[in-house]
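A.B. asks: Okay, predicted coordinates and the sequence, questions at the end:
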Amino acid sequence: MIVAGASGGDEAAIHAAANVAWALCRSGHDARLCFTVPECNSLGLAFFGERNLDDAFKAVHDGQVDTLIVLENDLYRRDTAEAVDGALRSIKHLVVIDHSSSATTAAAEILLPGTTFAESQGTLVNNEGRAQRFFEVMPAAGDILTRHPNKLALAARYPARDRSRAQMARYRCRDRGLCPRHPGTRAHPGSRTHG
């Protein structure tokens, strides 16, 4: 079994792993090859297209973006402090949803609590390209807002997670023209809207 991955960003390493596997197979060995991805759902994100953080920062600097929403990520772990600081200076609003404190959460104008993988459930795309379910194994232990009390006033606009999700779903529905409660829109077959 040969295990390789894309974490280092070195395409030559991926080709080398494949060449070793092919050489072993040609010599009569039953070689297997497993490619890993840097993080959970990395492959799922790749399905969205070839956009990356540099593209996002370029859109910010070009004035195409005035609000940045960061989901469970510390931008300072993804790029240089100079690049991140430059992007954050160029936007009007920074909204962060996270479960852990970081330099990005500290810079947030609005901070909304998230949960860890162990405290939530959902679906991701694993390194084999398969949809993989994951389930909550423990209740949420705390709230990031207790570690950032200066963000509490802004987050108070969103007191109930379920109510916030319902509100976001209504906006998403309305923006896509799918909610029957908004004049001039059409209902999506099989969808339910919550008022």
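C.D. replies: On my side now, so go ahead. Remember, predicted model here, so these are calculated numbers, not experimental data. Numbering: from 1, shown residues only.
A.B. asks: Might you report the residue contacts of Gly44?
C.D. replies: 124-125 (CB atoms under 8 Å, 6 or more residues apart in numbering). C-betas here are computed from N, CA, C, even on glycine.
A.B. asks: Also Phe47?
C.D. replies: Val125.
A.B. asks: what residue lies at the spatial centre of the chain?
C.D. replies: Leu71 (5.1 Å; CA atoms, centre = their mean).
A.B. asks: these two touch, right, that residue and His99?
C.D. replies: No. Leu71 is beyond contact range of His99, at 10.7 Å (criterion: CB atoms under 8 Å).
A.B. asks: Pull up the overlap in contacts between those two.
C.D. replies: Gly114.
A.B. asks: which residues touch the residue lying closest to Ser120 once chain neighbours are set aside?
C.D. replies: Counting by CB to CB, 6 or more residues apart in numbering, Ser120 lies nearest to Glu136, which is 5.9 Å off, once chain neighbours are set aside. Taking CB under 8 Å, 6+ apart, we find Glu136 in contact with 118-121.
A.B. asks: Worst mean pLDDT across the helices and strands of this protein, which element?
C.D. replies: helix 152-155 (a mean of 44; mean pLDDT, DSSP states H and E).
A.B. asks: Mind jotting down where the strands sit in this structure?
C.D. replies: Under the criterion DSSP state E, the chain contains strands at 2-5, 33-36, 67-71, 93-98, 110-113, 122-125, 131-134.
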